[in-house]
Every structure is written in C-alpha cells, then in structure tokens.
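Undergrad: Next comes the sequence, and after it the predicted model I'd like to discuss.
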Amino acid sequence: MSSRNGRLRTRIVTLGVAAVGVVAIAGTALAGHQTSGVKSYTGCLVSGDGVLIKIKEGNAPRSACTGGQVEAHFSGGDITEITAQTGGGLVGGGENGAVSLSLRRDCATGEVVKWNGSAWACAADSNSTYTAGTGLDLSGSEFSVEESYRLPQTCASGEAATRNPATGGSAPTWVCDQFAQSEQACSSGQFATGVTALGTLSCAAPASSGGMQAFSASTNGVVLAGRTSVLSKTLTPGKYVIFASVELVNKDLDSTSWGSCDLSHPGGSIYSTGTHSVDEIADYDSLSLTGAFEHSTGAVLLACTETQANVDVETATLVAIKVDSIG
C-alpha cells in the first residue's frame, strides 16, 4: 500500500508539471521557447496517461520518444500569441509557432498609414507646400532670389549698390556705384574739388592769383521762432558774389508749415525768397539764394522766418566769393 501511494503521488506531481509547463506538443515548438537566457526543456508525453517522461534541459529528450509518445517542449519564457493591430502599420503575427511581423505594404505610392479619427487607414502623405513670395523664385524644393532683386556681390570699398533705371527697354538692375556722404562741408575759405573713393569731400583753397577770395559757412538744426539768424560770415571790403542754400523741415505732423529766407549785410538787403510751404509729416523744402553786392564792412547774414505752423532749418550753407568786378 505504501509503495502504491508513492507511485500515485509521483504520478500526480508529474501531471502537475505537465499541466503548468507544456507549451508545445507534437514536435512543433511555440515561439520563444528557445529564447536566450530562459531555460527550456524537452521530454516525451505519454498520451494515454498524460505523463511527461525522459525530461532533459535543451531541445531533445533524454532518449528518443517511442510507442506513441510525443516530443514536447516547455519553458518559462514562451510567447503564446502575437497579434498585429487591425489596420495599423504592421501585419503578421500568430497564435503559436515561429511568427513574424512586417510593415504593411498595401498602401499606394505616395501614401502612408494615418489615423483618421476612428481607424488606421492608407492616405496621401501631406508634405508641406511652399509659395514663392515677392522677389523669390521656387523651383521644386529650391528657393532663389529673382534677378531684379539680387544685390551685386562685387562692390569695391567705398561703392554702394544702387538701382540702375531701365533704359532702352531693358529691365532695371542693381549695380555698384560711387557715392558721396551727406552733411559734408569744406573748411572756411575752401571749396570742394571732388569726392574720394570713400565718399568724402576733397577740399582746397582757391588759387590766390587774380585777387579772388572765397568765404563759406554751414550749420544744421536751427529752430526758427519768427525771423531767426541762421548763418553769418564776416567779409573784408570788396565786391562779392554770394550763394546760399537752406533746407526747411516741417516739424508739425498735422498741417502744412510756411517759411522764407533772406540774405542781407550792413549796407542793405541782398536777396529774399518768397514764402514757401512745407507739407506735413516731416516733409522738406530746399531754398536757394544768390546775389551780387559791394560790401564795406561787417558780416553777411542769412536769416529765415517761420511764418506759419512749425518749420525749422535742417541744414544751411553760405558761400561768398570775392571778385574784381561785378558786371
């Protein structure tokens, strides 16, 4: 009785192991039973009794299965099923055995798998699209600057890119050109003889032969309040030809301003402009004054008058040339 009970307990334990550990039968292994790092075992299943015998670690039983026995594999790392999501980006899978997954290949050329709000489906790949704006060309995926908007890259020192107007039916282009800097003036008694490559004035005193002399003065940023002195220049006695230029600026952004300028010396008035209007929004108006006179003593005065609204002098220049005679 004791021996029989021992065999019964052995049979029950063996059946328990078979029920828990067997994951493949009939000589076909389920996926994963040979996974690296997870031990697997092979034995023979006695079909009628449901008992595993000849169990050995590895991929073969301790000895060959005989008499209707079926080779069985079992392990703690088996994958029992792989399922690819319906409509997703993968296809394949399976419940047992060697299974595989791959990217789905049923989308048409130019399509990708996209979520449409309720399912994954093939749809067009919405690549970003571009439109060429002002001054740009678009060819395929490459942008370039249109010819008429390209600045030259070969300007020398002292040159600037300037717009060359259209001539003879040609389109206007950008070219390299010399330039002169603004707000320049020569020293007293000198005249401009040219412009350097860097845009600055070349100045020199006039030749002393012939008894000719020149006097000059300049200023900027004079605020007018009624008639206001802008420039004065003391001259030696003699006969003179005089030139003056004034740039008026409107400081009133809401209405037109009015102003005038005049030249005088201790002997009387030389020249006076009429009243000039200067439009609103910081507009400018240039005035020119010329005259010839005989001077005895003192200074020549350039004055400007604000007659309406708010007008000031932006820049002013005065040049007096002493001559032998006035014809």
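TA: Ah, there it is.

Undergrad: If I look at residue 68, what pLDDT would I see?
TA: Predicted confidence (pLDDT) at residue 68: the value is 85.

Undergrad: Let me know the helix or strand that the most centrally placed residue in the chain is in.
TA: Here the mean C-alpha position of the chain is nearest to the C-alpha of residue 143 (CA atoms, centre = their mean), at a distance of 13.4 Å. Here residue 143, judged by DSSP states H and E, is contained in strand 142-145.

Undergrad: picking up where we left off before, list the contacts of the residue nearest to the centre of the chain.
TA: Contacts for residue 143 (CB atoms under 8 Å, 6 or more residues apart in numbering) come out as 130, 132, 136-137. In short, each C-beta sits where N, CA and C put it, glycine included.

Undergrad: The one helix or strand residue 242 maps to: which residues count as buried?
TA: Applying DSSP H and E as the criterion places residue 242 in strand 238-250. Going by neighbour count (16 or more other CB atoms under 10 Å), the buried part of strand 238-250 is 240, 242-250.

Undergrad: Could you do stretch 226-233 as well?
TA: Using 16+ other CB under 10 Å as the test for burial, stretch 226-233 gives 228, 230-231, 233.

Undergrad: Average pLDDT for that stretch, rounded please.
TA: Model confidence over stretch 226-233 averages 94 on the pLDDT scale.

Undergrad: How far off centre is that stretch?
TA: Its chain's average C-alpha position is 50 Å from that of stretch 226-233, according to CA atoms, centre = their mean, to the nearest Å.

Undergrad: ok, now stretch 171-190?
TA: In terms of CA atoms, centre = their mean, the gap separating the centre of stretch 171-190 from the centre of its chain is 32 Å.

Undergrad: what residues does that stretch touch?
TA: Applying CB under 8 Å, 6+ apart, the contact partners of stretch 171-190 are 147-148, 150-152, 154-156, 158-166, 192, 195, 197, 199-201, 203-205, 213-218, 220, 315, 317.

Undergrad: Quickly run through the sheet partners of the helix or strand containing residue 230, with directions.
TA: Using DSSP H and E, residue 230 falls within strand 227-234. Here strand 227-234 has these sheet partners by DSSP bridges: strand 299-308 (antiparallel).

Undergrad: Just the C-alpha atoms of the helix or strand just after the strand it pairs with, please, in PDB.
TA: Moving toward the C-terminus from strand 299-308, the first helix or strand encountered (DSSP H and E) is strand 311-323. In PDB, the C-alpha atoms belonging to strand 311-323 read as follows (Å, rounded to 0.1, in the frame of the first residue of the first chain):
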ATOM      1  CA  VAL A 311       9.100 125.000 -39.600                       C
ATOM      2  CA  ASP A 312      12.800 124.800 -38.800                       C
ATOM      3  CA  VAL A 313      16.100 124.800 -40.700                       C
ATOM      4  CA  GLU A 314      17.500 121.300 -41.200                       C
ATOM      5  CA  THR A 315      20.800 122.400 -43.000                       C
ATOM      6  CA  ALA A 316      22.200 125.700 -44.400                       C
ATOM      7  CA  THR A 317      25.300 126.700 -46.300                       C
ATOM      8  CA  LEU A 318      26.700 130.100 -47.200                       C
ATOM      9  CA  VAL A 319      29.400 130.800 -49.800                       C
ATOM     10  CA  ALA A 320      30.700 134.300 -50.700                       C
ATOM     11  CA  ILE A 321      33.300 134.800 -53.500                       C
ATOM     12  CA  LYS A 322      35.200 138.000 -53.700                       C
ATOM     13  CA  VAL A 323      35.600 139.200 -57.300                       C
END
